[in-house]
Every structure is written in C-alpha cells, then in structure tokens.
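**Q** Quick one, fold the following:
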Amino acid sequence: MNVSDKVKRKLAKLHALAERGEGGEKDNAERVLAKLLAQHNLTIADLDDEAQSEVRFYFNSEYEKRLLGQVMATVLNNPERNVYKIKKRRQFMAEMTASEKLEAELQYSIYKLALKKLMEQTFMAFISTNDIFPTNSAEGEGKQYSEDEIATIRRLMRGIDLTEVNPALEHTA
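**A** Predicted coordinates:
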C-alpha cells in the first residue's frame with residue numbers, strides 16, 4: 001500500500017510522542033498510532049525508515065547560506081516541509097530523515113568545494129581582465145594554477161567586461 005508523505009509524517013510524529021510523551025499524552029499517542037498503523041497496514045519498523053529528527057547545517061558566508069538553502073530545498077523537494085534559518089547562528093534547521101540528512105550533507109560538501117574553487121577562479125579572471133597587479137610584481141609570485149585551471153580562468157575572462165577606473169592620483173617616477 002502506498003502511503004502519502006503527509007500520513008507518514010503524522011505517523012512518525014505520533015511515534016515520537018508515544019516514545020517520549022508522558023502520562024495520558026503518551027497513552028493516547030500509542031493508541032492512535034496503533035490504530036493508524038493497522039489502518040495503513042504498516043509496522044513500527046516501516047516508520048523507523050521514515051523517522052525524522054531535527055538536523056542543523058552550518059554555513060560561513062552569504063554564498064554558503066544561499067547554496068545550503070538550494071541544496072535543502074532540492075533534497076526535501078516538498079513545500080510543506082519547512083527549513084528554518086536561525087538568526088545570528090549561521091545555521092539552518094529542518095526535520096529530515098537519516099537518508100535525507102546524508103544526501104544533503106553529501107551534496108552540500110561537494111557543491112561547497114566546487115563553488116569555492118569557481119569563486120577563486122572567477123576572482124582571478126576579474127583581476128586579470130582588469131590588470132589589477134602591481135607594476136613591480138615578480139613573475140611566478142602567488143598561487144600556482146594547473147593548466148586546466150588557467151584554461152578555466154581564461155574562459156571566465158572572456159565573459160568579464162573591463163571595469164573603467166580613472167585614477168585619482170597621478171603616479172610620478
């Protein structure tokens with residue numbers, strides 16, 4: 001029997017309440033849970049695969065925040081599932097299953113590294129396009145790039161317009 005995500009979420013919440021509740025709240029949750037499990041031909045083991053818990057993800061920059069938001073929206077893929085940004089703590093919180101958490105962690109770590117590398121290459125393309133180097137810099141100073149990275153930087157440079165700057169100071173020799 002195919003059970004909707006909404007029903008699975010409700011059952012998972014009832015299961016959590018039946019495990020952690022107290023007194024009549026716990027008893028009532030156990031009774032309703034047993035009735036709904038029987039109605040949908042499910043067991044507690046079926047719920048354990050779908051059990052959700054609070055998961056927190058941390059970010060360090062505006063770009064990481066935006067990337068993490070995109071990853072979480074992609075993994076959860078459901079507008080009814082909320083993701084909360086916790087102000088001043090640089091983190092998002094969401095209710096996720098264990099498999100969703102692993103998927104989000106994997107995607108975020110891979111995309112974060114790729115974004116960092118692309119941003120470094122884009123920065124170098126911008127610097128190179130605008131020739132923002134000291135006139136007395138020695139050849140070979142700074143970070144060394146592979147041939148593939150240099151090719152990527154050159155491709156990026158083709159898409160960057162030159163920024164016009166009129167120097168405020170005149171240089172004298």
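**Q** ok, and the residue nearest the centre of the chain, which helix or strand is that part of?
**A** Nearest to the mean C-alpha position of the chain, by Cα atoms, centre = their mean, lies L68 at 2.0 Å. Assessed by DSSP states H and E, L68 sits inside helix 62-76.
**Q** ok so, going back, for the residue nearest to the centre of the chain, which non-adjacent residue is spatially closest?
**A** In space, not counting the residues next to it along the chain, L68 is nearest to F59; the distance is 5.1 Å by Cβ to Cβ, 6 or more residues apart in numbering. Backbone N, C-alpha and C define where each C-beta goes, glycine included.
**Q** residue ranges for the strands of this protein, please.
**A** Assigned strands in the chain, in chain order: 52-58, 83-86, 91-97 (criterion: DSSP state E).
**Q** Of all those, which one is nearest D131?
**A** Taking Cβ to Cβ, strand 52-58 is the member of these nearest to D131, at 37.8 Å.
**Q** buried stuff in the closest one?
**A** Buried residues in strand 52-58, counted by 16 or more other Cβ atoms under 10 Å: Q52, V55, F57.
**Q** Including pLDDT and distance to A12, could the residues you listed go into CSV?
**A** Shown next, in CSV, are the buried residues of strand 52-58 (pLDDT from 0 to 100; distance: Cβ to Cβ, whole Å):
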residue, pLDDT, distance to A12
Q52, 80, 6
V55, 89, 14
F57, 93, 20
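**Q** give me the number of residues near I86?
**A** By other Cβ atoms under 10 Å, the residues close to I86 number 11.
**Q** Looks like it contacts M93 (just checking).
**A** Yes: if you go by Cβ atoms under 8 Å, I86 and M93 touch, sitting 5.9 Å apart.
**Q** Quick check: neighbours shared by the two?
**A** Shared contacts of I86 and M93 (Cβ atoms under 8 Å, 6 or more residues apart in numbering): R56.
**Q** so where's this structure uncertain?
**A** 1-3, 5, 45, 47-50, 79, 137-141, 171-173 (pLDDT under 70).
**Q** what about 90?
**A** 1-55, 73, 76-89, 92, 94-103, 133-145, 165-173 (pLDDT under 90).
**Q** residue ranges for the helices of it, please.
**A** Using DSSP state H, the helices assigned to the chain run over residues 5-20, 23-39, 44-48, 62-76, 98-129, 147-158.
**Q** Of these, give the one that comes closest to N136.
**A** Using Cβ to Cβ, the nearest of the helices of the chain to N136 is helix 98-129, at 16.4 Å.
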